[in-house]
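J.: Attaching a predicted model along with its sequence, questions to come.
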Amino acid sequence: MVSRGRQGNVKLQCNVFLLLEFDVRSKGLIKISGHATMDKIQQYIDDNKDAFLKQWFEVLRIPSVSAQREHKDDMKKTASWLVSFLTEKLGMSARTISTDGNPLVYGESPSVPNAPTVMLYGHYDVMPSEPDDAWFTPPFEPTIRDNKVFCRGANDDKGQWCAHLCGMQAFLALNGSFPLQIKVILEGEEEVGSASLSTFLDSEENRKLLACDALLVSDTSAAGPGLPAITYGLRGVMSFEVKLTGPNRDLHSGVYGGSVWNPAIALAKLLAAMIDEDGKVQIPEFYDDVEPITQLERNALAQNPYNAAEEKNQIGIESSFGEKEYTVLERRGARPSFDVNGITSGYQGEGGKTIIPSWASAKFTFRTVPNMNPEKIRKNVEDFVKSHVPTDVKVELEYQQGSGGMVAPLTGKFVVAASKVLENVYGVKPRFVRDGGSIPIVAKLRQKLNAETVLMGFGLEDDAIHSPNEKFNLDSFFNGIKTDVLLWDAFSKVS
C-alpha cells in the first residue's frame with residue numbers, strides 16, 4: 001500500500017511490485033559537474049561504441065564458470081583483467097583479495113571531502129554453458145545478431161557491471177575526476193553461493209574497507225523494453241541435494257524387479273510429495289511466516305506490464321502453473337516456491353538397459369520471501385525427507401546454501417536520486433518492482449555495511465540468463481553506460 005501526503009512525499013508500506021511516481025521537478029538536461037550535458041554524453045558514447053564493445057567482449061570470452069573446477073584458472077584470469085581495468089582505465093587503487101575460493105576484486109577512487117561513498121557490487125562468475133549444442137553460436141564467443149549480443153554472461157552479470165565500468169570511463173573523460181568516492185567489489189562465487197565474500201564480511205576490518213553510504217547493484221532486470229526499473233525486493237533461496245541408495249550395485253530389473261526398492265522410484269515419490277498439483281509446498285509449517293498479499297497490493301501489482309500469451313510463446317509452454325489463488329506475477333514476486341533443478345539416476349546412454357539403479361539423486365531449491373526462517377525450513381525439510389524415504393533405502397541430504405528474502409525502503413535519498421536519473425535517460429518514470437530471483441549476498445552486504453541499497457537492472461526478462469543463448473540488447477548496454485555517467489553526479493549531491 002502507498003500513502004501520499006504532499007506531492008513528492010511518498011511513504012512505502014507494501015512489499016510487492018509497485019509503481020511509484022516520484023516527483024521529478026527538473027525536466028531539463030542533467031548537467032554533469034557543470035561540464036557535460038546529456039547531448040555531450042550521448043555523443044561521447046556514440047564515438048566510443050567500438051571501444052566499449054571491445055572491452056566487454058574481452059571479458060565475455062573468458063569462461064569464468066565458478067561451478068566447474070576446470071575453470072579455476074579462468075577465474076583468476078578474469079580477476080586479473082578486472083584489476084588491470086580498474087587501475088589503468090579508471091585510475092583506481094585496485095587489487096585482488098585471496099580467499100579460500102575465488103579471488104575478490106576490490107578497487108577504490110580517492111575519497112572526496114563532504115561527499116558520500118558509493119560502492120558498486122557485481123559478480124564476474126557465470127553459469128555453466130551446458131548444453132552447448134543448444135546454443136546457436138559458441139557460448140563464450142560474443143556474437144551480435146539483431147542488435148543483441150549472445151554469450152554466456154552477456155547479461156548476468158558481465159554486461160551489467162561492464163556498462164558501469166564503461167560509464168565510469170566516460171565520466172572521467174568528460175569531467176576529469178569523480179565528485180565522490182567510488183568503491184568496487186566484484187566477486188567470483190555469486191552463482192555458487194558467495195561463500196568467500198560472505199566470510200569476508202564477517203571481519204570488522206573488512207567491513208571498514210567496504211564501508212559506504214550506498215550500495216549500487218545491477219544484477220536484476222528492467223520492467224520491459226524502454227521501461228526502467230528499480231528493484232526493491234528479492235526472494236531468498238535454499239538449495240539442497242539428496243541422494244538415495246538402494247542395492248550396492250545396479251541390478252537386473254527382470255531378476256530383481258518387484259522385490260527390491262528402486263531408488264529412482266523412491267526419489268520420484270519423495271519429490272512429488274513435496275508439492276501438490278496446484279503448486280503448494282507440502283513441507284510442514286512452510287507458509288506459517290509468509291505475509292498475505294492485500295487487495296491494495298494486488299491492485300498495484302496489476303499495473304505492471306505482463307503479457308501471458310507472449311510469454312507462453314517465448315518459452316514454449318501452453319499454460320501456467322502454481323497456486324490458483326494468485327496471479328503469475330504474485331507467485332513470482334511475493335510467494336515462495338519449490339523446484340527440482342536436476343535428477344540423475346541409472347543408465348543415460350544410447351538405447352535401453354534394463355536395470356534397477358543402485359542410486360538416484362536430485363538437486364532442489366526453495367525460493368523464500370521475507371519473514372521466512374531458513375533454519376526452521378531446513379529442519380522441517382530434513383524431517384520430511386527422512387519420513388518419506390523407505391527404510392530399505394539409504395538417504396543422504398546435503399544443505400548447500402540458504403538465505404531469506406529482502407525488502408528495501410524506497411524512500412531513501414539514493415533511490416530517489418537514481419529514479420530521477422532513470423527518468424532522464426529513458427523519458428519515463430521507472431517502475432519499482434519486487435523480483436522473484438535471489439542475490440543472497442546483497443542482503444548480507446546491506447545488513448553488514450548498513451548501507452542504502454539501489455538495485456538497478458538493465459537487462460530484459462527474455463535475456464535467457466542461466467539458459468542457452470543468453471543475450472543482452474545493445475540498447476540495454478549503452479543505456480546502462482549513459483545511466484552510470486549521470487548517476488555519479490546525482491549521488492554526489494546526496495546529503
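T.: Noted; the coordinates are in hand. Note that the structure is predicted; figures quoted are calculated from it, not measured.

J.: Now for the residue of the chain most remote from its centre: which residues touch it?
T.: What lies farthest from the middle of the chain is residue 255; by C-alpha atoms, centre = their mean that is 49.2 Å. Neighbouring residues of residue 255 by C-beta atoms under 8 Å, 6 or more residues apart in numbering: there are none. Any C-beta I mention is one placed from the backbone N, CA and C, and that applies to glycine too.

J.: Do you know the pLDDT at it?
T.: pLDDT for residue 255: 97.

J.: Can you point out the helix or strand that includes it?
T.: Using DSSP states H and E, residue 255 sits within helix 253-256.

J.: Return the set of buried residues in that helix.
T.: Residues of helix 253-256 classed as buried by neighbour count (16 or more other C-beta atoms under 10 Å): residue 253.

J.: what about the residue farthest from the centre of the chain, distance to residue 349?
T.: 21 Å (C-beta to C-beta, to the nearest Å).

J.: if we can go back for a sec, distance from the chain centre to the helix holding residue 255, please.
T.: Remark: helix 253-256 is offset 47 Å from the chain centroid, using C-alpha atoms, centre = their mean, to the nearest Å.

J.: pLDDT averaged over the very next helix or strand once past that helix - what is it?
T.: On the C-terminal side of helix 253-256, the closest following helix or strand by DSSP H and E is helix 263-273. Helix 263-273 comes out with an average pLDDT of 98.

J.: do stretch 191-211 as well
T.: Mean pLDDT, stretch 191-211: 96.

J.: With stretch 439-453 instead?
T.: The average pLDDT for stretch 439-453 rounds to 92.

J.: Now find how far off-centre it is within its chain.
T.: Offset of stretch 439-453 from its chain centre (C-alpha atoms, centre = their mean): 14 Å.

J.: Next: stretch 314-321.
T.: Using C-alpha atoms, centre = their mean, the offset of stretch 314-321 from its chain centre is 23 Å.

J.: Which residues outside it are in contact with it?
T.: By C-beta under 8 Å, 6+ apart, stretch 314-321 touches 279, 308, 312, 328, 462.

J.: Just the residues contacting stretch 322-334, thanks.
T.: Identification of contacts with stretch 322-334 by C-beta under 8 Å, 6+ apart yields 15-17, 233, 235, 278-280, 293, 297-298, 301-302, 304, 306, 308, 320, 335, 337, 369, 433-436.

J.: let's go with 7 Å and repeat that
T.: Residues outside stretch 322-334 that contact it (C-beta atoms under 7 Å, 6 or more residues apart in numbering) are 16-17, 278-280, 293, 298, 301, 304, 306, 308, 320, 335, 337, 369, 434-436.

J.: try stretch 161-173
T.: 32, 41, 44-45, 52, 55-56, 59, 85, 89-90, 120, 122, 178, 186, 218, 458, 477, 480-481, 484-485, 488.

J.: and the closest residue to residue 394 other than its chain neighbours, bridged to which residues?
T.: Setting aside the residues directly before and after it, residue 394 is nearest to residue 245 in space (C-beta to C-beta, 6 or more residues apart in numbering), at 4.3 Å. When assigned by DSSP bridges, residue 245 has beta-bridge partners residue 359, residue 394.

J.: what sits against residue 245?
T.: The contact partners of residue 245, by C-beta under 7 Å, 6+ apart, come to 263, 358, 359, 393, 394.

J.: Select only the buried ones of those in ChimeraX?
T.: Restricted to buried positions by 16+ other C-beta under 10 Å, the ChimeraX selection for the contacts of residue 245 reads:
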select :263,358,359,393
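
J.: just the contacts of residue 245 now: which is nearest residue 72?
T.: Of all the contacts of residue 245, residue 72 sits closest to residue 359, with 28.2 Å by C-beta to C-beta.

J.: what separates that closest one from residue 349, distance-wise?
T.: From residue 359 over to residue 349 the distance is 17 Å, taken as C-beta to C-beta.

J.: if we can go back for a sec, tell me the predicted confidence for the residue nearest to residue 394.
T.: Residue 245 is given a pLDDT of 98.

J.: Residue 360 versus that one, what's the distance?
T.: 8 Å.

J.: ok, now residue 42?
T.: Distance, residue 42 to residue 360, by C-beta to C-beta: 57 Å.

J.: Tell me which of the contacts of stretch 322-334 fall in helices.
T.: 298, 301, 308 (DSSP state H).

J.: The second one - how many residues pack around it?
T.: Number of residues near residue 301 (other C-beta atoms under 10 Å) recorded here: 23.

J.: any idea of the pLDDT on it?
T.: 70.

J.: now it: how far from residue 435?
T.: For residue 301, the distance to residue 435 (C-beta to C-beta) stands at 13 Å.

J.: Run through the chain and note the low-pLDDT ranges.
T.: Counting by pLDDT under 70, the ranges of the chain that qualify are 1-35, 296-297, 300.

J.: How is it partitioned into domains?
T.: 2-234+405-492, 237-290+339-401 (automatic domain parsing).

J.: just the ones you listed: most buried one?
T.: domain 2-234+405-492 (a mean of 19; mean count of other C-beta atoms under 10 Å).

J.: where exactly do the strands run in the stretch 1-150 of the chain?
T.: 2-4, 10-12, 93-97, 104-108, 117-123, 143-145, 148-150 (DSSP state E, counting those that start in this stretch).

J.: Please name whichever of these is nearest to residue 408.
T.: Residue 408 lies closest, by C-beta to C-beta, to one member of the strands of the stretch 1-150 of the chain: strand 10-12, at 9.4 Å.

J.: of all the strands of the stretch 1-150 of the chain, which lies closest to residue 381?
T.: strand 117-123 (26.9 Å).

J.: and for the closest one, what are the contacting residues?
T.: With contact meaning C-beta under 7 Å, 6+ apart, strand 117-123 is reached by 157, 160-161, 164, 180-188, 190, 210, 212-219, 445, 491.

J.: what's the answer for stretch 446-455, then?
T.: Outside stretch 446-455, the residues that touch it by C-beta under 7 Å, 6+ apart are 201, 207, 210-217, 220, 230-231, 406, 408, 412, 414-415, 418, 442.

J.: ok, now stretch 207-214?
T.: Contacts of stretch 207-214 (C-beta under 7 Å, 6+ apart): 116-119, 183, 185, 201, 414, 448-449, 451-452, 454, 491.

J.: From those residues, which land in strands?
T.: The strands, defined by DSSP state E, take in 117, 118, 119, 183, 185, 452, 454 from these.

J.: you'd agree the fifth one is up against residue 106?
T.: Spelled out, it's residue 185. Yes: between residue 185 and residue 106 there is a contact under C-beta atoms under 7 Å: 5.6 Å.

J.: ranges for the strands of the stretch 351-495 of the chain?
T.: Using DSSP E, counting those that start in this stretch, the strands of the stretch 351-495 of the chain run over 355-356, 359-368, 394-402, 406-407, 431-435, 452-457, 471-473.

J.: mind checking which of these is nearest residue 98?
T.: strand 394-402 (21.8 Å).

J.: picking up where we left off before, among the contacts of stretch 207-214, which two are most distant?
T.: Using C-beta to C-beta, the pair of these lying farthest apart is 201 and 491, separated by 22.5 Å.
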